[in-house]
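A.B. asks: sequence below, structure please.
(chains A, B, C, D, E and F)
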Protein chains: 6
Amino acid sequence: MPNRVSDRSTLVLPLGAIEQHGPHLPYSTDLLVAEAAAQAAVERAGDDLDLWLLPALAYTKSNEHAWDTGTFWISATTMLSVLDDIGRCAAQTGAKRLALLNGHGGNTALLGVACRELRLKYGLKTFLLHPMVPPDHGGASTANELGMGIHAGIDETSMVMHLRPDLVDMSVAVRNVPEGLAQNKHVRFGGSVSFGWLSNDFGPSGVIGDPSGSNPELGKRLFDGCVTTLCEAFSEIEKFDFGR
Amino acid sequence: MPNRVSDRSTLVLPLGAIEQHGPHLPYSTDLLVAEAAAQAAVERAGDDLDLWLLPALAYTKSNEHAWDTGTFWISATTMLSVLDDIGRCAAQTGAKRLALLNGHGGNTALLGVACRELRLKYGLKTFLLHPMVPPDHGGASTANELGMGIHAGIDETSMVMHLRPDLVDMSVAVRNVPEGLAQNKHVRFGGSVSFGWLSNDFGPSGVIGDPSGSNPELGKRLFDGCVTTLCEAFSEIEKFDFGR
Amino acid sequence: MPNRVSDRSTLVLPLGAIEQHGPHLPYSTDLLVAEAAAQAAVERAGDDLDLWLLPALAYTKSNEHAWDTGTFWISATTMLSVLDDIGRCAAQTGAKRLALLNGHGGNTALLGVACRELRLKYGLKTFLLHPMVPPDHGGASTANELGMGIHAGIDETSMVMHLRPDLVDMSVAVRNVPEGLAQNKHVRFGGSVSFGWLSNDFGPSGVIGDPSGSNPELGKRLFDGCVTTLCEAFSEIEKFDFGR
Amino acid sequence: MPNRVSDRSTLVLPLGAIEQHGPHLPYSTDLLVAEAAAQAAVERAGDDLDLWLLPALAYTKSNEHAWDTGTFWISATTMLSVLDDIGRCAAQTGAKRLALLNGHGGNTALLGVACRELRLKYGLKTFLLHPMVPPDHGGASTANELGMGIHAGIDETSMVMHLRPDLVDMSVAVRNVPEGLAQNKHVRFGGSVSFGWLSNDFGPSGVIGDPSGSNPELGKRLFDGCVTTLCEAFSEIEKFDFGR
Amino acid sequence: MPNRVSDRSTLVLPLGAIEQHGPHLPYSTDLLVAEAAAQAAVERAGDDLDLWLLPALAYTKSNEHAWDTGTFWISATTMLSVLDDIGRCAAQTGAKRLALLNGHGGNTALLGVACRELRLKYGLKTFLLHPMVPPDHGGASTANELGMGIHAGIDETSMVMHLRPDLVDMSVAVRNVPEGLAQNKHVRFGGSVSFGWLSNDFGPSGVIGDPSGSNPELGKRLFDGCVTTLCEAFSEIEKFDFGR
Amino acid sequence: MPNRVSDRSTLVLPLGAIEQHGPHLPYSTDLLVAEAAAQAAVERAGDDLDLWLLPALAYTKSNEHAWDTGTFWISATTMLSVLDDIGRCAAQTGAKRLALLNGHGGNTALLGVACRELRLKYGLKTFLLHPMVPPDHGGASTANELGMGIHAGIDETSMVMHLRPDLVDMSVAVRNVPEGLAQNKHVRFGGSVSFGWLSNDFGPSGVIGDPSGSNPELGKRLFDGCVTTLCEAFSEIEKFDFGR
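C.D. replies: Okay, here's the model as predicted:
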């Protein structure tokens, strides 16, 4: 790698999670989606855009699921330290761009912090992308989910049905939508006031959304769309210079 | 305080910043706006909603302005520790709700992290509000600013002209908008791909937006609107129980 | 600020506390005294001595009152980190002197540590001043208090009666002096052997001293004397060069 | 997972590294060997011994290669924190045994520390296994390597030729053995006196050993032997109770 | 030890330093004085007062001498961590009292912090004693030294001449007193305003005081006096209960 | 010291421990052995090899004995910080070699980590020596102890009987060997699989080995042999240059 990475290169770091996704999805959902999306995008556009795929971070900040006995999570300050180490090494490769491709919504705020830290400390241009933008960060969600399909809902479930059907058990997939939230004007997912939540604040289900009706065709469509979007984004990243 | 704070109470913590705001605005801009907004909202709705105003945090995470020789900033992990201390003490008062009223966009991601940490560690219901939602977090910005009035632009400048006209010098207020960014579909303020930036990535001005045309009347309108919105939000917060 | 601060300037950082001060004084006692004293001294001598008043640190190391449900305190290592951040930024302004004006006795030892750390790490000349030197650090105390008026006693109470009479309730002001300590030759406040104490080690009162007889006239006299002393001290600070 | 892991289960965590392995081997050498060995052992003995394979840690403590511009390494204290997080979550699953299957010799000392920390803090029985015990920790090495085949030598190279021949370029595989060390009685790899070393202390090669003569047949033999040994070890682990 | 330490016992921890003491005194000056004083006091009064002598901390916070190439110093936060570990273990012995017998003035402020931390965290009664109280903490100093004999002056030098004459070289003992400081009313050693200093702020000598005239007779007198004082103090400590 | 330490010098840091050693040996066993061995070796070979003896670290990582109420232990990260401080200062002396002479087996892994850290961070050549190599790190142990005399067994007991007979009470010296471990092929002291253990995992005795038959003659032989070995090792260390 050190021989060929250049200041034109973008390093791509997928970030997953090992956390409960309701009874119907695997613990590794976020990891497998992030890795598949990263791999597909790098395969499609890597040569053109000089993308370099790094090994994924499997364990990340999943403490909203700390109540669940199978979730593995890294604390906020430890994860900042890990990202600092990775940023320091990324800068040493000679690349100028590091793209965090994050499959887990619970990481988004922390990665926002890290992007600035690494920009300041190592001079890297840093980017934060998602296979699917979570609805609580401005992404879309179905009407049936009242805009709250943020964890193990129809889109995510369909994606896994497309990528790893063997790991999905739709017979235990059950809707859990905190409907009362929809009546709030400000304090709601994606509202002007955000709030600290744990996934069991919305009941014991572990799901926040509605997986019913999930299907691999939708999953394929979403996945293909996401890869296309990622490639477009990487193309902007390659040329990115703060609008100058 | 310990005698009267109850599980119905909401503690309100304003967060400012001491950072450059271009040549025309004071270093304490974010602090004075957050304090004024918090004070006005608590005065209007405090008795009804049992709000308790805490002293502001003046120094916060302003490292996007680290290049400037007058900016004072606290590092990310230190600020997480400060917020952890405050959360621990807030929980000990008997209150169940802590509202972070944040005047500085550079804090938003970190406070998103902190809201979850305090929810998990101390059982507090935690909320993150802004006097003005920054455009890079979904807020509005004028057409003239191409949606990029995120620092010392017309809205913020007008607000300070209303609150502390003695501290504004419009004679040195100059537009600085990274117009190239507007051509990006994904990598832009408020776009699907966020990026790490320092305020001097956009030139030496220190401003990101367009303060020209700022006026105290607009400032008053914005401020009054913001107080009304905060009061509405506090009312939702008082009743908030995760949609259950 | 960056344009005008010079190597002749002294930055002044007031430090308060949010902690119980017995039933008769407000939680913000140390904050309001430190801010008032700093403001008055800077108003009087600031132009002459090129003093720059920084926003106060409201929350500091008050863990001797951790048992009280309204006290907000920052841990020792976190506060050292905050002071390190502030020292780093202070040095970047171009000023060579940083004066810590500390209103809370529980901070004194830690600030002594910090003064050396910042001197070594950033080359700043650092100073530690008090509006009133606490009796356990060599300051005076009345005979009635047996030299132990270290918290919410007559001097401090009088000072607040002068500055913010609306916040004092003398009807609940009660003497609490650990008289047994006076019999010790070594292990006592200000003795040759210091000891770790929490404010409830001396009973449930929260007071250590005797507020009875407090009055605003005494408060005014003390406050004026303290401002005069601070101005004298700042004058020595301006010329200070380690006796060379 | 939480439904089926029991106090009989052993969780298996592979640890790799992303570090230079001379010009002829891939950066991911340690990762792919650890993952392949773990997978093979769990496939063969997992049902019998109730083994649970966790996702690997790809980035670990490779700072002996910090001089190389493609190495990614995590600092010692950060890695201890990551392992603490993983240990805490492992204990919460209900499993009583955590086996660290470590492919990178540079981790061995740190993992020895971590095994005790997690035993004390979380009550876990912890184990440290290697696909190949490094010669500097008591493992074997060929006479040609003078017992110093500790990095990218014949055994490791052969193993990768067996597992991922596409990633090996034998045309650039060159012997580098610090022969002078062999004359020491005490201060040598595996001697009674250990010493701190960086891989470039032995010259610019990056190799410590002799890859010449490597071949996939040897690799297959070593790999099969290692899997058999691991299965034997897991069987002892399942019954392990400190010799009681 | 665990069999005989009781809630009546006092654990005594000597703290030294390894730091320059001018050209005439050994680096271990503070260590040997603290150990000798502790040993003598425990021998004299240990049976009566149930004192338990712990091994000394040799390396402590000597960063005011960081410029000197033979000084070994521990950072402030690390030393707080060491003291936290020792406090935790001290509390586990069943003793209720921990006495820090500190031979190095540069530790005094930090130990003041630690005394409170250990009181709060482990419920220990904690005490801070000095063989000689440093003049900058209220102790005495000769007129010739203008009250500034704080490092390697006549008293300390005489003490070492008494205890370890073989380690003193009076032929290179030279006076260094920052006389200008004596003109300050506030900012001076032991004044109402303390300041951060490094020992080379007062010139390259390393001495702050005047060792000339030092003699073992004075040293013996001082040492005997100090042991007597320590025994008196330990007697107060044994009965200490916050004046209740 | 700063005047005479040169790049030829080796600094020697003894490391002991304050931990239970069964009922028959003193808590300071590891400290006194390490100090005696270091002193004897430096006396014999110090002039020739330019060895400099540093004060010992008495308190180290003894958390395998945390269950015992007289053990004092420092946490892993704190001890790494202490060693970092010492390494930084050692490098500043001008010496190029730092030898850790470790009397406590529980430190060995951590010191292995530290040797690399200090090599990388400060450029020091670092070495780890033991008075006796512990059997779980490849050292010898008697047949009677089944190779498991790792704590308070015959060798260590004999050594203390030689050095400090007044501190040994053979009347309470009792064998405790976890015999079941000997049946394991892999998971055993010194086996290919190491494991995390606490000393009470092997029963309440505190001993792991067999002290019966200990005698000062054996102790003298072992001690003399160890000093001879250390001198040989220091001689190799003086010339050590990574086999180049």
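A.B. asks: could you use CA atoms for every contact and neighbour count after this?
C.D. replies: Fine.
A.B. asks: quick one: the strands in chain A, in order.
C.D. replies: Under the criterion DSSP state E, chain A contains strands at A:10-15, A:51-53, A:97-102, A:125-129, A:194-195.
A.B. asks: just list what the third one packs against, helices and strands only.
C.D. replies: Counting contacts by 3 or more CA pairs under 8 Å, 6 or more residues apart in numbering or on different chains; DSSP states H and E, the secondary-structure elements packed against strand A:97-102 are strand A:10-15, helix A:29-49, strand A:125-129.
A.B. asks: what would those look like in a markdown table with distance to chain C?
C.D. replies: Formatted as a markdown table, the helices and strands packed on strand A:97-102 follow (distance: least, CA to the nearest CA, whole Å):
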| stretch | distance to chain C |
| --- | --- |
| strand A:10-15 | 30 |
| helix A:29-49 | 34 |
| strand A:125-129 | 24 |
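A.B. asks: so A:R8 is in contact with A:T93, correct?
C.D. replies: No. Counting by CA atoms under 8 Å, A:R8 stays clear of A:T93, with 11.5 Å between them.
A.B. asks: more neighbours: which of the two?
C.D. replies: Neighbours of A:R8 and A:T93, each counted by other CA atoms under 10 Å in any protein chain shown, are more numerous for A:T93; the result is 22 against 14.
A.B. asks: residues in contact with that one?
C.D. replies: A:P2, A:V5, A:S6, D:T69, D:G70 (CA atoms under 8 Å, 6 or more residues apart in numbering or on different chains).
A.B. asks: what are the phi and psi angles of the nearest residue to it once chain neighbours are set aside?
C.D. replies: Distances taken as CA to CA, 6 or more residues apart in numbering or on different chains place D:T69 nearest to A:T93, at 4.8 Å, with adjacent residues excluded. D:T69 adopts backbone torsions of phi -80, psi 0, taken as degrees, to the nearest 10.
A.B. asks: how about the contacts made by D:T69?
C.D. replies: Going by CA under 8 Å, 6+ apart, the list of residues near D:T69 reads A:P2, A:C89, A:Q92, A:T93, A:G94.
A.B. asks: gap between it and chain E?
C.D. replies: Using CA to the nearest CA, to the nearest Å, one gets 31 Å for the distance from D:T69 to chain E.
A.B. asks: next one: A:G106
C.D. replies: 32 Å.
A.B. asks: over to A:N184?
C.D. replies: 43 Å.
A.B. asks: residues of chain A that sit close to chain D?
C.D. replies: A:1-2, A:55-58, A:68-75, A:78, A:81-82, A:85-86, A:89-90, A:92-94 (CA under 8 Å from any CA of the partner chain).
A.B. asks: let me know the pLDDT of the residue nearest the centre of chain A.
C.D. replies: Nearest to the geometric centre of chain A sits A:G103, at 2.0 Å (CA atoms, centre = their mean). At A:G103, the pLDDT value in this model is 97.
A.B. asks: for it, give me its contacts.
C.D. replies: Taking CA under 8 Å, 6+ apart as the test, what A:G103 contacts is A:P14, A:L15, A:G16, A:A17, A:D30, A:L31, A:V33, A:A34, A:H130, A:P131, A:M132.
A.B. asks: widest-spaced pair of those?
C.D. replies: A:A17 and A:M132 (14.6 Å; CA to CA).
A.B. asks: those two: which has the busier surroundings?
C.D. replies: A:A17 (29 against 25).
A.B. asks: correct me, but that one touches A:T29?
C.D. replies: Yes. The criterion here is CA under 8 Å, and A:A17 meets it with A:T29 at 7.4 Å.
A.B. asks: most proximal residue of chain A with respect to chain E?
C.D. replies: The minimum distance from chain A to chain E, using CA to the nearest CA, falls at A:T77 (17.6 Å).
A.B. asks: burial of that residue, as a residue count?
C.D. replies: 17.
A.B. asks: quick one: contacts for the residue of chain A found nearest chain C?
C.D. replies: For chain A and chain C, the shortest gap (CA to the nearest CA) falls at A:T77, measuring 13.8 Å. Applying CA under 8 Å, 6+ apart to A:T77 gives the contacts B:T77.
A.B. asks: what distance do you get for it to B:T78?
C.D. replies: Separation of A:T77 from B:T78 (CA to CA, to the nearest Å) stands at 10 Å.
A.B. asks: one step back: mind giving me the PyMOL command for buried ones among the contacts of A:T93?
C.D. replies: Selecting only the buried entries of those in PyMOL, with 16 or more other CA atoms under 10 Å in any protein chain shown as the criterion:
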select buried, (chain A and resi 5) or (chain D and resi 69+70)
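A.B. asks: got any ranges where chain A has weak pLDDT?
C.D. replies: In the predicted model, chain A carries pLDDT under 70 at residues A:1-3.
A.B. asks: longest helix in it, please.
C.D. replies: With secondary structure taken from DSSP state H, chain A has its longest helix at helix A:216-239.
A.B. asks: ok, back up a step: how much space separates the residue nearest to the centre of chain A from E:H162?
C.D. replies: From A:G103 over to E:H162 (counting by CA to CA), the distance is 71 Å.
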